[in-house]
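K.L.:
below is the sequence, then the predicted model.
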There are 2 protein chains.
Amino acid sequence: MSSSIVKPIYFFDEADGNNRALLGGKGAGLAEMTKLGLPVPPGFIITTDICEKFYEAGKRLPDGLMDEVRKSIKKLEVSTGKKLGDAANPLLVSVRSGAPVSMPGMMDTILNLGLNDQSVEGLARQSKDARFAWDAYRRFIQMFGKIVLGIDDRQFEKEMAGKDLNDEKVLRKVAASFKSLCENTGKKLPDYPYKQLELAIDAVFRSWMGKRAMEYRRQYGITPDMANGTAVTIVAMVFGNTGQDSATGVVFTRDPETGVKRLYGDYLVNAQGEDVVSGKANPSHIDQLPGQMPDVYSQLQQVCEKLENHFNECQDVEFTVERSKLYILQTRTAKMSALASVKTSVDMYHEGLIDKTEALKRIDPEGLEQMLYPRIGPQVKLKPVAAGVAASPGAASGVAVFDVARAEALGRRGEKVILVREDTKPDDVPAFFLSAGILTTRGGKTSHAAVVARGMGKPCIVGCSQIEIDTESCSFAVAGKTIASEGQKITIDGSTGRIYLGEVPTVDPEITSEFKEILQWASEMKAIRIRANADTPESATLARKYGAEGVGLCRTERMFNQHDRIAIFVRMIMAEDDDERRKALAELELLQRSDFRAILKEMQGLPVTIRLLDPPLHEFLPKEEELMMQIFELKSSGGPRTESEMLRREKMLRRVHELSEVNPMLGHRGVRVGLTFPDIYEMQIRAICEAAAGLVKEGVKVEPQIMVPQVAIVNELVAVRHLFESVKREVEHRHKIKLKILFGSMIEVVRSCLVADEIAHVVDFLSFGTNDLTQATFSFSREDAEAKFLPFYLEKTVIPANPFQTIDQKGVGRLMKMTIEMSRKVKRDIEIGICGEHGGDPRSIEFCSAAGLNYVSASSHRIPIAILAAAQSAIRSSKDSRLSRFLSD
Amino acid sequence: MSSSIVKPIYFFDEADGNNRALLGGKGAGLAEMTKLGLPVPPGFIITTDICEKFYEAGKRLPDGLMDEVRKSIKKLEVSTGKKLGDAANPLLVSVRSGAPVSMPGMMDTILNLGLNDQSVEGLARQSKDARFAWDAYRRFIQMFGKIVLGIDDRQFEKEMAGKDLNDEKVLRKVAASFKSLCENTGKKLPDYPYKQLELAIDAVFRSWMGKRAMEYRRQYGITPDMANGTAVTIVAMVFGNTGQDSATGVVFTRDPETGVKRLYGDYLVNAQGEDVVSGKANPSHIDQLPGQMPDVYSQLQQVCEKLENHFNECQDVEFTVERSKLYILQTRTAKMSALASVKTSVDMYHEGLIDKTEALKRIDPEGLEQMLYPRIGPQVKLKPVAAGVAASPGAASGVAVFDVARAEALGRRGEKVILVREDTKPDDVPAFFLSAGILTTRGGKTSHAAVVARGMGKPCIVGCSQIEIDTESCSFAVAGKTIASEGQKITIDGSTGRIYLGEVPTVDPEITSEFKEILQWASEMKAIRIRANADTPESATLARKYGAEGVGLCRTERMFNQHDRIAIFVRMIMAEDDDERRKALAELELLQRSDFRAILKEMQGLPVTIRLLDPPLHEFLPKEEELMMQIFELKSSGGPRTESEMLRREKMLRRVHELSEVNPMLGHRGVRVGLTFPDIYEMQIRAICEAAAGLVKEGVKVEPQIMVPQVAIVNELVAVRHLFESVKREVEHRHKIKLKILFGSMIEVVRSCLVADEIAHVVDFLSFGTNDLTQATFSFSREDAEAKFLPFYLEKTVIPANPFQTIDQKGVGRLMKMTIEMSRKVKRDIEIGICGEHGGDPRSIEFCSAAGLNYVSASSHRIPIAILAAAQSAIRSSKDSRLSRFLSD
């Protein structure tokens, strides 16, 4: 240690409270509060650098560290007038973890260190409370045994069970039995306090790489550059459990649920901190403190005000009252609900504490999702009966219905229905419209049910394999036990994936004035446009309300899935001759025209990107097994009408067979269908042109954009463009007007990225379809990957994040950058956007913004999230550029 | 015309016979022969430039062209002493097409032009043969009517049917009726010879863009830079049909079937060229000519020798004898069989005519395939009963068997069997080994049957949808008619896709001494190494015999598919506990060890790249429907043993269900399986290490290389490398030896190309799997694409070539180049190769060679093709660099 120039230890009163990287959050907070003159017990911090050295040395404390610790303890002994391990006036300390980024509860802490068979008597004498002293001792042995010696806590709990812990004598026995528990392991609880200290420091450092901590960091994306290890904070103990004039508690400077400016928290009289946290006792609300300890309360109020004014953030403060004296043991930025976070940020701006930029930065965009959907109220403590994959957010209650036709019938009668199915298919979509929520037992986040429900903004849980559906008896079972039959009310929470029996109270989303204000600021601040993925006029309305600047993806096939259309579409696929097909297409054209008209009108003045048919035709037909089953049943039933029914189905079965594919994702779809069955695209293009022409003649400003999916080869686009130009000319000629319709390509096939220069010559705009592009880049489908191996990959950090949630910058991102560069070289002002689910992911929005995209398109329901994320990204990048200007000066 | 500086017309005696681009092949040949003093009738050539102008002007003859033609005809009249359209001594001409690249029969020709009601009488008088003159006239009207006026030839044939064409009077009537046929169309056969000429020239130019010609150019990859249009050759007519002292014929300077140096060809006495070609008369063999026309024959011999010595290539010569005078009407490079091409090239080298480089350049690598497999003899004129996709070359005869078990049983008894199935799966592979050939009615070139058969070198036809199999009666039908029952002998030709009834005589492949010599030269010349895709010792032996320099891809899963192994592998997948699985793995390890031992020993001194398991596990299990059917049958049968059988199948069905995937190509396979079921890779790695260790101890030099499939993320490789190193250390330790085993990655996932720098840090070599890479780059699977839309894309030239046959340079090639560049930046000497079917494709080999790959790996059976293609590529690139040196001097 002596050879190193690194200072390993800082006392609170000498440390720089801004240096969280070195001191950890807890240490920095204590240092800062000490500097502010707040009542903090004395103590010191072993830095995170030492934690790094600990791991570099193969999990060994650096040589010389304990000498430094010893010196620091001596200093502490001087300032407290107590002595570690002393039999008369013992100094006790807590040894606590504290990383630069808050990881609450994920690492270890040991309290009451310094106690042994001698010093416990000293504590008893000094505190004049032998029960307290022995209770502290047994707590220490228990913690040390669990954390340092690795003893299962249940062993200690078993020892204590049924014993009267208010009796000193009992506590002495408990302590003795705890000690022998420790010895049973072959290890020993050292009597010597410095040995205790050494082992405790070692244990805290080790907990940095503990399973819980690593998992937490992975979950929250905490990388080594954000936190390189934990600091260890060693503080002189103060006790909230020395009588009725002592207490311990936690207080928030504002209400973390609502954001209202008032103290909020709990405390316990005559208790130690862990009692509050463990929930074993019922704490009192902070509002009661003025009645019990008026001086302490007013001191606490002052402390909170001082802290907020200093940090300009709502604080979560840990305090202890020892014999009427208030100590502050920790302060940190409060974790708040989205609602509270929005309100606090706006309030603090108006209070003059922070500027708009700061206010925007503080809100977690993902968290906003809570505010945009109905949710299970925070007061509900019900246990869910099962959980699946949270596929589309929001909570909904309704009667469970296992059959699509019945769901439709009930829905039409105004009943709230939860559709419960093994999986769903396009045929079932009409029932989606009439259901309050969807629950399936199969599939992942990209299964049919998930994608459609998300598009409609309906709550949806998929892949709930805990549930077994019995379609015969119309019921479902969990773990072999039937728990709900058809008609039973259930509640699903698509934000958490949880399923409840009965009707659970939900809270409706509210757009508060603060929320509106924040969105306003964010819109002004952001540097990239936000469009919506919207397939229906309703969805477009919502998007516009939230501030979308156009529609970036309108999926025309969703329209075919509606009740009145699917049958016509199937007729078109099954047509025996050109005449029959043309008739079906003509009907579809009229329907599509009115669809497009409604969306274009809703978004007047803003661009609307309409994607031509994408899925393979077989997706619109019933499944093979289903048809076989039906034919089998018809065969065994007989009867007058069955013959033709059977022929119809046999014909359809043949067509299904013809169209079937081994890997549908890599098959006959998108522009490949467009070119081989050109009538379909022609019909769609004509419907768009006619809808636009009609509105233009009424004086409505429209900006339709036609987008071709699955392009791999420039000639595919050349052919469709040719078709588009000729249909447009024809419509223009008929209506004697000029139409301004842009023509563009999805970039979702890898090859389209590689020939982006060729493509740029043929189109007006490009739009990345990052869902498919990610699948093609990784050669794994989201559905199969999420079901089979992606969870394992994430757990083992084979891959740092799910590439279907956040753009894989190294792979997919590289293709995107190539595309942008190559296409802009050909057409400098070509408009490039992104649609697909990454468009609503904050980290992906940041990437898109930096990569120079013109817009991102997100699901209508996620528009506020996208706007906020875009604003934050703009703030960060302007800072970056300020920083880089500064560095280059 | 006068304003243009382009000379539109060249006479044979003034043209440069080397300028095929300008004169077309036919014109250039005539010019060259004229210069050599050979007996060529006088004539002139309208250049290909004029054809280009014709199309630039919207299919109009350039202004002034006909004036130039008129001048040229006048010159021709002077040199022949005849006059176009003259009633006394008429000049007749032929108007023939001729592109710079030979396109035999693809464009139009008109003979006897210049005849009309007047000049026909002149011809009769001049030839003293009225029948001949009127026959010439009716032929002219017929050709003109068909080609210029677009009349269906069958109409003319109907007019002639049953008439005596030796009777002048009849011929007069026929000519008259032909003329009125022309008038019926509303068009008219012009009398005026210059009008005839103008229309004929126009028609020849038009035929350049005729359907046949365009299709031919597409098929043979003839691009505009290779041929920009057709020339028109106008030659004074000579007649082989003016009596018994006249004749017409075609002669090859060497035998085009065998390459033996002797004249080869046919002729007809008293006939016109089209009679030989049309096959209406039975021509005599050229050997009979000396007996009939000894002088002519010896002249012809001299001409042929002169031509060969001049062109240094075997020639295909068209001649006519008019009244004992020999005329040469055309010469061109002869199209020959692969056998002949090889022999001729080697012979000509030994005759001192050409050097080795030239000899190598002349052989079409793809053509060699004919020589490497048994084939249907050229003399067989049988009609096939059906045709499917030619999936694995070679011909085989045997009894049709519709059941895998029966095929195995018969095969084991030594019977030759053709396995006929709707499709096949891994379970069926044991039957493959015991069958002479495989025929399926479903699937494309990458279906299971196709891939496995190709790997084994067994003839295979897939996707023969014309055939309907009736598994109940064990027979197959074509167009509803049963044509073969089980046991019927059939013959399949996997090179052409044709199926014959009965045992058709086949010709075995032979490795001639010339073939060996050519391969030797090619091996010396090539600049890239050639390895083989070989999964069995037999295949490795063959590869080595052909000159392979190692194994580039040994697919371990093929081994599991063998009869004795699949059951063990299934047991491993179905294992209920670790113990059971370990037992199965231990059995597999012993089997794999002996597999690897045999291959490594066979290839001693050369590298052998072994790919760890690639396919998803469900590929090894029976299909879902099949199991359901079996369970259904067992349920209805009952009986003592069925209970456990049923349970076993139900268990398997559950497992199949668990493992099933929506898009198996994008699912749980390759390294993804390797990481989630690590015992499998561990077993395979240990088997490789143990096999190598055993051989090393026996003093055998081995170079195993371990290759990981489906890598997308560098951490996947890190994990497998870790496993590999630890197993290797363990084996080294046990045997007390050091093993040299390289570790590498397949590059078949797009992302692996994008992070090639990261990957290069972890591996010793890379190998492109261009099959999968192409699928991922285009986002279409070969199977689905070839079944659904790729044929349409090729027909419409949406894409210039099938990217699964020839590497798509713009897309896939670009990824490959990026990978090579990025990985060599990290590791300068990293070995990079390509396996997959492109490794045997000549155009792809050229690309790989230019891109700087170290080797290509091709199917064992295609090694000679690959060696030759590599040599040709080296020759071309050395020429290129010589050229570029020349240009930079």
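P.N.:
Perfect, thanks for sending it. Numbering: from 1, shown residues only, chains lettered A, B, ... in the order given.

K.L.:
who's in contact with the residue most central in space within chain A?
P.N.:
Closest to where the C-alpha atoms of chain A average out (Cα atoms, centre = their mean) is residue A:366, at 5.7 Å. Each residue near residue A:366 by Cβ atoms under 8 Å, 6 or more residues apart in numbering or on different chains is listed here: A:842, A:865. The way it works is simple: take the backbone N, C-alpha and C, and place the C-beta from them, glycine included.

K.L.:
now do the helices in the stretch 701-850 of chain A.
P.N.:
Listed in chain order, the helices of the stretch 701-850 of chain A (DSSP state H, counting those that start in this stretch) span A:714-735, A:750-754, A:756-762, A:770-778, A:782-788, A:790-795, A:814-826, A:842-851.

K.L.:
of all those, which lies closest to residue B:694?
P.N.:
Across these, residue B:694 has its closest neighbour in helix A:790-795 (34.6 Å, Cβ to Cβ).

K.L.:
circling back to that earlier point, what's the most buried one of the helices of the stretch 701-850 of chain A?
P.N.:
Ranked by mean neighbour count, these are led by helix A:750-754 with a mean of 28 (mean count of other Cβ atoms under 10 Å in any protein chain shown).

K.L.:
may I have the phi/psi pair for the residue nearest to residue A:171 when sequence neighbours are not counted?
P.N.:
In this structure, residue A:171 finds its nearest non-sequential neighbour in residue A:134, 3.8 Å apart by Cβ to Cβ, 6 or more residues apart in numbering or on different chains. With angles defined as degrees, to the nearest 10, residue A:134 shows backbone torsions of phi -70, psi -30.

K.L.:
name the SS class of residue A:685, please.
P.N.:
Under the three-state scheme (DSSP: H, G, I helix; E, B strand; the rest coil), residue A:685 adopts helix.

K.L.:
the residue nearest to residue A:171: what's it in contact with?
P.N.:
Listed by Cβ under 8 Å, 6+ apart, the contact partners of residue A:134 are A:120, A:124, A:168, A:171-172, A:175.

K.L.:
ok, now how distant is it from chain B?
P.N.:
Using Cβ to the nearest Cβ, to the nearest Å, we find residue A:134 at a distance of 49 Å from chain B.

K.L.:
ok, now residue A:655?
P.N.:
14 Å.

K.L.:
quick one: that residue and residue A:573 touch, right?
P.N.:
Yes. Taking contacts as Cβ atoms under 8 Å, residue A:655 lies within contact range of residue A:573: 6.8 Å.

K.L.:
between these two, what contacts are shared?
P.N.:
Listed contacts common to residue A:655 and residue A:573 are residue A:621; contacts here mean Cβ under 8 Å, 6+ apart.

K.L.:
now, which of the contacts of residue A:134 sits nearest residue B:344?
P.N.:
Distance to residue B:344 across the contacts of residue A:134 (Cβ to Cβ) is lowest for residue A:175, with 103.7 Å.

K.L.:
so what's the closest residue to the closest one other than its chain neighbours up against?
P.N.:
Excluding the flanking residues, the one nearest residue A:175 by Cβ to Cβ, 6+ apart is residue A:138, at 4.5 Å. The contact partners of residue A:138, taken as Cβ under 8 Å, 6+ apart, are A:171, A:174-175, A:178.

K.L.:
may I see the buried residues of stretch A:255-263?
P.N.:
Buried residues in stretch A:255-263, defined by neighbour count with 16 or more other Cβ atoms under 10 Å in any protein chain shown: A:255-256, A:258-259, A:261, A:263.

K.L.:
now it: mean pLDDT?
P.N.:
Mean pLDDT, stretch A:255-263: 90.

K.L.:
if we can go back for a sec, filter the contacts of residue A:138 down to just the ones in helices.
P.N.:
Among the contacts of residue A:138, the residues falling in helices (DSSP state H) are A:171, A:174-175, A:178.

K.L.:
and the residues you listed as a markdown table, adding neighbour count, pLDDT and distance to residue A:769?
P.N.:
Conversion of the ones in helices among the contacts of residue A:138 to a markdown table gives the following (neighbours: other Cβ atoms under 10 Å in any protein chain shown; pLDDT from 0 to 100; distance: Cβ to Cβ, whole Å):
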| residue | neighbour count | pLDDT | distance to residue A:769 |
| --- | --- | --- | --- |
| A:171 | 24 | 93 | 67 |
| A:174 | 22 | 94 | 65 |
| A:175 | 21 | 94 | 66 |
| A:178 | 24 | 94 | 62 |
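
K.L.:
among the residues you listed, which two are most distant?
P.N.:
Greatest spatial distance among these (Cβ to Cβ): A:171 and A:178, at 10.1 Å.

K.L.:
return the residues in contact with residue A:671.
P.N.:
With contacts defined as Cβ under 8 Å, 6+ apart, residue A:671 is in contact with A:612, A:708-711, A:716-717, A:720.

K.L.:
try 7 Å
P.N.:
Applying Cβ atoms under 7 Å, 6 or more residues apart in numbering or on different chains to residue A:671 gives the contacts A:708-711, A:716, A:720.

K.L.:
from residue A:721, how far off is it?
P.N.:
With distances taken as Cβ to Cβ, to the nearest Å, residue A:671 is found 11 Å from residue A:721.

K.L.:
check residue A:211 too.
P.N.:
Computed as Cβ to Cβ, the residue A:211 to residue A:721 distance reads 56 Å.

K.L.:
just residue A:61 next, same as before
P.N.:
Distance from residue A:61 to residue A:721, counting by Cβ to Cβ: 70 Å.

K.L.:
kindly report the same for residue A:417.
P.N.:
45 Å.

K.L.:
go on, residue A:121?
P.N.:
Distance from residue A:121 to residue A:721, by Cβ to Cβ: 92 Å.

K.L.:
give me the number of residues near the residue of the stretch 251-400 of chain A found nearest chain B?
P.N.:
Nearest to chain B in the stretch 251-400 of chain A, going by Cβ to the nearest Cβ, is residue A:389, at a distance of 15.7 Å. By the criterion of other Cβ atoms under 10 Å in any protein chain shown, residue A:389 has 20 neighbours.

K.L.:
give me every residue that touches it.
P.N.:
Per Cβ under 7 Å, 6+ apart, neighbours of residue A:389: A:444-445, A:461-463, A:497.

K.L.:
kindly report the same for residue A:149.
P.N.:
For residue A:149, the contact set (Cβ under 7 Å, 6+ apart) comprises A:182, A:185, A:187.

K.L.:
sort out for me which of these are in helices.
P.N.:
residue A:182.

K.L.:
which parts of the stretch 701-850 of chain A sit against chain B?
P.N.:
Selection of the stretch 701-850 of chain A residues close to chain B by Cβ under 7 Å from any Cβ of the partner chain yields A:710, A:712-713, A:715-716, A:719, A:749-751, A:754-755, A:772, A:775-781, A:783-784, A:788-789, A:792, A:798-799, A:810-811, A:814-815.

K.L.:
what about the spatially closest residue to residue A:815 that is not a sequence neighbour, distance to residue B:753?
P.N.:
Spatial nearest neighbour of residue A:815, excluding adjacent residues (Cβ to Cβ, 6+ apart): residue A:753 at 4.3 Å. The gap separating residue A:753 from residue B:753 is 12 Å, by Cβ to Cβ.

K.L.:
burial of the closest residue to residue A:459 other than its chain neighbours, as a residue count?
P.N.:
Spatial nearest neighbour of residue A:459, chain neighbours left out: residue A:494 (3.5 Å); criterion: Cβ to Cβ, 6+ apart. Neighbour count of residue A:494, defined by other Cβ under 10 Å: 30.

K.L.:
now do the end-to-end distance for stretch A:806-820.
P.N.:
End-to-end distance for stretch A:806-820: 19 Å, by Cα to Cα, to the nearest Å.
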